[in-house]
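J.: Would you be able to build a 3D model of this:
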Amino acid sequence: MSAKAQHYDIVRKPIVTEKTTMASENGAVVFEVAIDSNKPQIKEAVEALFGVKVKAVNTTITKGKVKRFKGTTGRRKDVKKAYVMLEEGNTIDVTTGL
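T.: Numbers count the residues shown, from 1 in each chain. Below is the predicted model:
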């Protein structure tokens, strides 16, 4: 597997919500990442894919909720989010595709 494919396995997709839009005003970009990835891997993947310098990475894991569908109970998957702080002068436009 190529290095670029491994980076795409780590960084799944950008998350665009009200909260992440407010964070982007402070130079942060939020991505959904692989649940088993760590901060150095996330930093390396974002720098390689987008060509920017990363200052810091903060992560959070949101546990999946239990939901009912047609009488049977199911469980949503756990999601790991990475708040990526960029160095001054670096930006990532998440509204355009890769």
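J.: Any regions of this protein where pLDDT drops low?
T.: Residues of the chain meeting the criterion pLDDT under 70: 1, 94-98.
J.: And the most centrally placed residue in it, how far from residue 75?
T.: Centroid-nearest residue in the chain: residue 31, 1.6 Å away (criterion: C-alpha atoms, centre = their mean). Noted for residue 31: a distance of 23 Å to residue 75, by C-beta to C-beta, to the nearest Å. Yep, even glycine has a C-beta here, placed from its N, CA and C like the rest.
J.: pretty sure the residue nearest to the centre of the chain is touching residue 8, no?
T.: No. Here residue 31 does not reach residue 8: they are 11.3 Å apart, not a contact under C-beta atoms under 8 Å.
J.: Could you pick out the longest helix of the protein?
T.: Taking DSSP state H as the criterion, the chain has its longest helix at helix 39-50.
J.: quick one: buried residues of that one?
T.: Residues of helix 39-50 classed as buried by neighbour count (16 or more other C-beta atoms under 10 Å): 41-43, 45-47, 49-50.
J.: ditto for stretch 53-70
T.: Buried, per 16+ other C-beta under 10 Å, within stretch 53-70: 54, 57.
J.: From the centre of this structure, point out the most distant residue.
T.: The C-alpha centroid of the chain is most remote from residue 71, which lies 32.9 Å away (C-alpha atoms, centre = their mean).
J.: any idea how far it lies from residue 77?
T.: Computed as C-beta to C-beta, the residue 71 to residue 77 distance reads 21 Å.
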